[in-house]
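Enquirer: what follows is a predicted protein model with its sequence.
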Amino acid sequence: MTPRLTTARLVLRGLEARDAPAIQEGLSDWEVARWLSAPPWPYGREDADWFIHEAEGQHYAIDAGEGLIGVISVKPDLGYWLRRDHHGRGLMSEAAEAAVQAYFETTQEPLVSGHFEGNAASRRVLTKLGFRDTAPEVTFARPLGQDVTVQRMRLTADDWRASRA
């Protein structure tokens with residue numbers, strides 16, 4: 001079961017069947033999907049239903065009081081997306097800080113993440129959390145149907161604590 005986390009503006013909670021329409025809507029926006037590697041394109045309701053079923057206990061719904069506006073996970077990597085109409089307000093940084101804090105409360109294992117080349121917004125989220133570059137990696141981006149370069153990054157528990165001090 002996914003623990004419930006609360007921030008100043010958000011609740012991070014487990015995914016529920018009622019989130020499927022919001023997930024489908026969010027991942028049907030090309031400006032969101034094009035920065036992700038895993039979701040199919042186009043993204044259908046059956047994809048959202050499958051994701052909720054398969055992701056049980058591994059992902060948080062990001063809820064700003066109006067239902068799901070995005071998803072974040074720390075297993076196996078820190079990964080996330082946010083509906084475009086919520087970009088630019090610091091919500092993902094807030095959600096990611098809560099998720100990373102919860103992660104380091106249960107383990108001292110480093111956390112890895114990454115961002116597509118050119119995704120400056122995602123890079124800002126990660127660097128604010130204290131992530132450091134490791135190496136670029138080529139991976140297949142399913143929505144794009146091609147390989148892309150991902151800048152891999154790593155966050156240790158010590159770097160996390162230092163970034164919060």
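Expert: Nice, I can see it. Note that this is a predicted model, so its numbers are computed, not measured. Numbers count the residues shown, from 1 in each chain.

Enquirer: just the strands in the chain please.
Expert: In the chain, the segments counted as strands under DSSP state E are 5-6, 11-14, 59-63, 68-73, 79-82, 111-116, 132-141, 146-155.

Enquirer: can you tell me which residues contact the closest residue in space to Ile52 that isn't next to it in sequence?
Expert: What sits nearest to Ile52 in space, not counting adjacent residues and going by CB to CB, 6 or more residues apart in numbering, is Leu15, at 4.8 Å. Any C-beta I mention is one placed from the backbone N, CA and C, and that applies to glycine too. Contacts for Leu15 (CB atoms under 8 Å, 6 or more residues apart in numbering) come out as 2, 23, 51-52, 55-56, 59-61, 68, 71.

Enquirer: Leu15 and Asp47, how far apart?
Expert: Counting by CB to CB, to the nearest Å, the separation of Leu15 from Asp47 is 13 Å.

Enquirer: Gln146 too?
Expert: Counting by CB to CB, the separation of Gln146 from Asp47 is 20 Å.

Enquirer: for stretch 118-126, which positions count as buried?
Expert: Neighbour-count burial for stretch 118-126, counted by 16 or more other CB atoms under 10 Å, picks out 119, 122-123, 125-126.

Enquirer: now stretch 75-90
Expert: Neighbour-count burial for stretch 75-90, with 16+ other CB under 10 Å as criterion, is recorded at 78-83, 86.

Enquirer: can you lay out those as a markdown table showing distance to Ala99 and pLDDT?
Expert: As requested, those are exported to a markdown table (distance: CB to CB, whole Å; pLDDT from 0 to 100):
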| residue | distance to Ala99 | pLDDT |
| --- | --- | --- |
| Leu78 | 7 | 97 |
| Gly79 | 10 | 97 |
| Tyr80 | 8 | 98 |
| Trp81 | 13 | 98 |
| Leu82 | 13 | 98 |
| Arg83 | 17 | 97 |
| His86 | 16 | 97 |
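
Enquirer: re earlier: between Gln146 and Asp47, which one's more packed in?
Expert: A count of neighbours by other CB atoms under 10 Å puts Asp47 above the other of Gln146 and Asp47, at 18 against 8.
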